[in-house]
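Peer 1: Okay, here's the prediction I keep looking at, along with the sequence it came from:
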Amino acid sequence: MTKREDEIVNLIREDPMISQNDIASILGITRSSVSVHINNLVKKGIIKGRGYIITDERPVIVIGAANFDLIVCLNREEFPFLLDPKQISNISGENSKISFAYGGTAKIIAELLVKLDLKACLFAAMAEDMFGREILADCKKHGISTEGCLIDPDSQTSMYLELRNTNQIPYAKTANVMLERKLTPSYLETKRKIIANADCIVVDDGMSAESLEYIAANYREPCITILNGFTAGRCEKYRNILSQISVFVLSLECALCLSGEKPEFPESGIDNSYIQRIAQKVLQTGAKKVIIPYGADRICMADLKYCYICAADDLTAPCAENRVRLEAVTAGYVYSQRAELDAEHSLAAMSAINFLHDLSDTDYTIALSKESLESFLDKTVFNITKSEWKTSSNK
């Protein structure tokens, strides 16, 4: 919904029999403008019938990983044992900082969406163990629906371990996230009624190829499907369904893999022309729209006609990896679609959400809300360039 439509819906919630003249008077707009907004709300299925009956907002379905994250920050800048395992005995654990979080791509995206006042329904696989119960409790605390979750009594909840130095730079990562593969097509089919009610489905690339193909084949426009590509090694799983997915949010490594380009970067750094070439080559493989976050503050969004690049040099928050996070960008894109923002404002929202999302290292979303986002957007200027492809990008 647009901001104005949101205001009208709130007035209708307070008084379902309110007249269009009264709405116009309260909001300081004309009655004809109210009529246009009401008609748009009816077309979207948000209100219906006399007395402005308000239908429930459709949830965003988020399918993928939910896991227990353990972050260990050792009290030193270098890890010599990564080069020489014999030196591991010289590493003292004293004064190390250990923290945990309920993470996983799908879980983080769902939490971000709820922070932005959107309904989110999580589809993730968890074990019937202590960690699984804790993740479910955390979802409930944040208002995330878990009616799509699979609970497996015979497995262990997925876990993720990361080692960092004193500068919060990760040196080693490992994970056990195979439980995600239990979200099979047959399981998803049992939840068809829930998924079919969504107008947006977000999927991460940890799903099996069969499950990705099932979602692509069964849920098409007007439902928006968004696939998060984090790991280059997983690209082959969805290469055959590129034309069936609405939007791809890709790491630079995944974009390079799909484009066929070698992972060699210009000595002067990644400039606009370089990332435009990569985006165009991904589009030529069959994708309709791609979003590629790269560096510490850049986001490229391209479709078959235009390519946009957003640079937010002054918005780089101190974070562990000093990069734009795919989860935040994905949540930002969903938010922008619900708010019916144009391309430039969508990029601004994605960039702002990434910044607010990254302010805290222990609670990823502590600084994010719909109100803080709107306030931030009102007072921040973003450097966005727009270019039109000289030839069709899918040829």
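Peer 2: Ah, there it is.

Peer 1: quick one, domains of the protein?
Peer 2: According to automatic domain parsing, the chain is divided into the following domains: 3-54, 58-194, 220-395.

Peer 1: quick one, phi/psi of the residue positioned nearest the centre of the chain?
Peer 2: Compute the mean C-alpha point of the chain, and by CA atoms, centre = their mean the closest residue is Thr330, 2.5 Å away. Its backbone dihedrals place Thr330 at phi -60, psi -50, with angles given as degrees, to the nearest 10.

Peer 1: what sits against Phe123?
Peer 2: Taking CB atoms under 8 Å, 6 or more residues apart in numbering, we find Phe123 in contact with 61-64, 106, 148-150, 183, 188, 191. (Each C-beta comes from the backbone N, C-alpha and C, glycine too.)

Peer 1: Among those residues, which one lies nearest to Ala349?
Peer 2: Val62 (18.0 Å; CB to CB).

Peer 1: Now for the closest one, how many residues are close by?
Peer 2: Counted with other CB atoms under 10 Å, the burial measure for Val62 works out to 35 neighbours.

Peer 1: Show me the beta-bridge partners of it.
Peer 2: On the basis of DSSP bridges, Val62 takes part in beta bridges with Leu122, Val202.

Peer 1: Do I have it right that it meets Leu118?
Peer 2: No - applying CB atoms under 8 Å, one finds Val62 not in contact with Leu118, separated by 10.5 Å.

Peer 1: I'd say the residue nearest to the centre of the chain and Val249 touch.
Peer 2: Yes - with contacts defined as CB under 8 Å, Thr330 counts as touching Val249 at a distance of 4.9 Å.

Peer 1: ok, now how distant is the closest residue to Ile63 other than its chain neighbours from Val114?
Peer 2: Spatial nearest neighbour of Ile63, chain neighbours left out: Phe123 (4.1 Å); criterion: CB to CB, 6 or more residues apart in numbering. Counting by CB to CB, to the nearest Å, the separation of Phe123 from Val114 is 15 Å.

Peer 1: Ok, Thr146 next?
Peer 2: Summarising the geometry, the distance separating Thr146 from Val114, computed by CB to CB, is 12 Å.

Peer 1: and if you look at Asn383?
Peer 2: Taken as CB to CB, the spacing of Asn383 relative to Val114 amounts to 30 Å.

Peer 1: what sits up against the helix or strand harbouring Ser375?
Peer 2: Using DSSP states H and E, Ser375 sits in helix 370-378. The list of residues contacting helix 370-378 from outside it, by CB under 8 Å, 6+ apart, reads 3, 115-117, 335, 345, 348-349, 352-353, 355-356.

Peer 1: Which PyMOL command selects the buried ones in these?
Peer 2: Typed into PyMOL, the next command selects the buried ones out of these (criterion: 16 or more other CB atoms under 10 Å):
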select buried, resi 115+116+335+348+349+352+353+355+356
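
Peer 1: Quickly list what Thr174 is bridged to.
Peer 2: Where Thr174 sits in a bridge, its partners, by DSSP bridges, are Leu161.

Peer 1: tally of neighbours for it?
Peer 2: 9.

Peer 1: wait, doesn't it sit right on Met159?
Peer 2: No - with contacts defined as CB under 8 Å, Thr174 does not count as touching Met159, sitting 9.0 Å away.

Peer 1: wouldn't Gln337 be in contact with Cys200 here?
Peer 2: Yes - with contact defined as CB under 8 Å, Gln337 reaches Cys200; the gap is 6.9 Å.

Peer 1: Which neighbours do those two have in common?
Peer 2: With contacts taken as CB under 8 Å, 6+ apart, the residues that reach both Gln337 and Cys200 are Ile224.

Peer 1: Among those two, which residue is more densely surrounded?
Peer 2: Using other CB under 10 Å, the more surrounded residue of Gln337 and Cys200 is Cys200, with 24 against 18.

Peer 1: Quick one: residues contacting that one.
Peer 2: For Cys200, the contacting residues are 58, 60-61, 223-226, 334, 337-338, taking CB under 8 Å, 6+ apart as the criterion.

Peer 1: counting contacts, what elements does the lengthiest helix in the chain pack onto?
Peer 2: For the chain, the helix that runs over the most residues, judged by DSSP state H, is helix 343-357. Helix 343-357 sits against strand 298-303, strand 306-311, helix 326-338, helix 370-378, strand 383-388, with contacts defined as 3 or more CB pairs under 8 Å, 6 or more residues apart in numbering; DSSP states H and E.
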